[in-house]
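Q: requesting a structural model of the entry that follows:
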Amino acid sequence: MNETLLTVVGNVATTPVYRELPSGPVSRFRLAVTPRHFDRVRNEWVDGHTNFFTVWANGPLGANVQGSITIGEPVIVQGRLKVRDEERGGQHWTSADIQASTVGHDLSRGTSAFRRATRRMTGGGGEHPAQQAQDDVSFEIEPQPQPQAEVQPPQSRSKSRSKSAPQPEPVG
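A: Numbering: from 1, shown residues only. All right, here's what the predicted structure looks like:
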């Protein structure tokens, strides 16, 4: 199948809109992508033309997008590109949509804290109980205080080397 897969780095331009549909959850938001380059003549960074994409996230990804991203945040989106041409109100419109397979924060521009999403139990199948228990582990539990061992100041290298390392014997 010939599809255009792409990875786009930009900023969230609109608040994600979330809908529960019969086919499952869906989130939609606009992504602003502005290339920058350094102009050596002017000795400064210059912004290029800003492109806007409508990002669609379905299923669990849509629910996670809704709970994770807000306007202005830098994100990386990977998915399938779909360019649409249509007539609306006598005007011709062209839009570029991305059907997202992955959405995440751009960690080169800040930090993020990951929280595993809780799974909704569906009737029937399900997962193996051991896998389900493993997925339910929470890393947000405060660690229990451990008894502290007595800390001794470190010795200088030359002293520790002379005491612990044997001296070479002269060869003659």
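Q: every contact and neighbour count from this point should use C-alpha atoms.
A: Noted.
Q: could you list the low-confidence segments of the chain?
A: 1, 119-172 (pLDDT under 70).
Q: for the chain, what's the longest helix?
A: In terms of residue count, the longest helix belonging to the chain (DSSP state H) is helix 59-68.
Q: next, the buried residues of it.
A: 60-66, 68 (16 or more other Cα atoms under 10 Å).
Q: over to stretch 86-106?
A: Burial within stretch 86-106, assessed by neighbour count using 16+ other Cα under 10 Å, is assigned to 97-100, 103, 105-106.
Q: roughly how far does residue 27 sit from residue 63?
A: 7 Å (Cα to Cα, to the nearest Å).
Q: anything in contact with each of these two?
A: residue 18 (Cα atoms under 8 Å, 6 or more residues apart in numbering).
Q: mind listing what residue 66 touches?
A: Per Cα under 8 Å, 6+ apart, neighbours of residue 66: 16-18, 27.
Q: ignore the last one, residue 37
A: So residue 37 contacts 45-48 (Cα under 8 Å, 6+ apart).
Q: now do 6 Å
A: By Cα atoms under 6 Å, 6 or more residues apart in numbering, the residues touching residue 37 are 45-46.
Q: heads up, I number from 28, so please use that
A: I'll keep to 28 as the first residue from here, and by that count the last item is residue 64.
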